[in-house]
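J.: Give me coordinates for this.
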Amino acid sequence: MVDASRRGFLRGRPRPQAQIRPPWALAEGEFIDRCSRCNDCLKACPQKILVAGDGGYPTVDFRLGECTFCGDCVVACLPRALLRRDGEVLPWKIKAGISDDCLPQRGIECRVCGEFCDVRAIRFLPRLGGSPLPEILAEQCTGCGACVAPCPTQAITVR
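T.: Residues are numbered from 1 along each chain as shown. Now for the predicted structure:
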């Protein structure tokens, strides 16, 4: 395996950035060992949010849309780097987060992220003299990324 920090340094990125792997991916080390970079999972994704990341390994780009957890990528993965175990409900432990770039933080009314959250994990807390502030309910957030692409200031990230 290539030293990621050295490769990143030579590409102008001294620190490797955390990659979000497709749903039901094995632990990072095992995922890298098993993934053949065949791109079958990329082709199988109906939402087209899986892209080839560093080293050609599949990553999720929520700027392209949301994950519906359909499992098509898991079915397409012959090396079994993506593996959905019996009874496993959650595909990952990632959650959405909101940065200070959020428009309501600046006093501008915006509720776009809440409108796109199907599980209603984003609520808006009223405040005196300003726009309601969004709050993500971590216990409800599935990490699907539906709130990322529509955000006009790109204030939402999923990690």
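
J.: alpha carbons only for contacts and neighbour counts from here, please
T.: OK.

J.: thought residue 53 was touching residue 59?
T.: Yes: Residue 53 lies in contact with residue 59 (C-alpha atoms under 8 Å); the separation is 5.5 Å.

J.: Could you tell me which residues touch both of these two?
T.: residue 19 (C-alpha atoms under 8 Å, 6 or more residues apart in numbering).

J.: Check whether residue 23 sits in a helix, strand or coil.
T.: coil (DSSP: H, G, I helix; E, B strand; the rest coil).

J.: Can you tell me how far the nearest residue to it once chain neighbours are set aside is from residue 77?
T.: Distances taken as C-alpha to C-alpha, 6 or more residues apart in numbering put residue 91 closest to residue 23, at 4.9 Å, once the chain neighbours are dropped. Residue 91 is 15 Å from residue 77, where distance means C-alpha to C-alpha, to the nearest Å.

J.: Helix, strand, or coil at residue 123?
T.: strand.

J.: Check the gap between it and residue 32 for me.
T.: Taking C-alpha to C-alpha, one finds residue 123 at 37 Å from residue 32.

J.: ditto for residue 120
T.: In terms of C-alpha to C-alpha, residue 120 sits 34 Å off from residue 32.

J.: Neighbour count: these two, which is higher?
T.: More crowded of residue 120 and residue 32, by other C-alpha atoms under 10 Å: residue 32, with 17 against 14.

J.: Okay then, goodbye and thanks.
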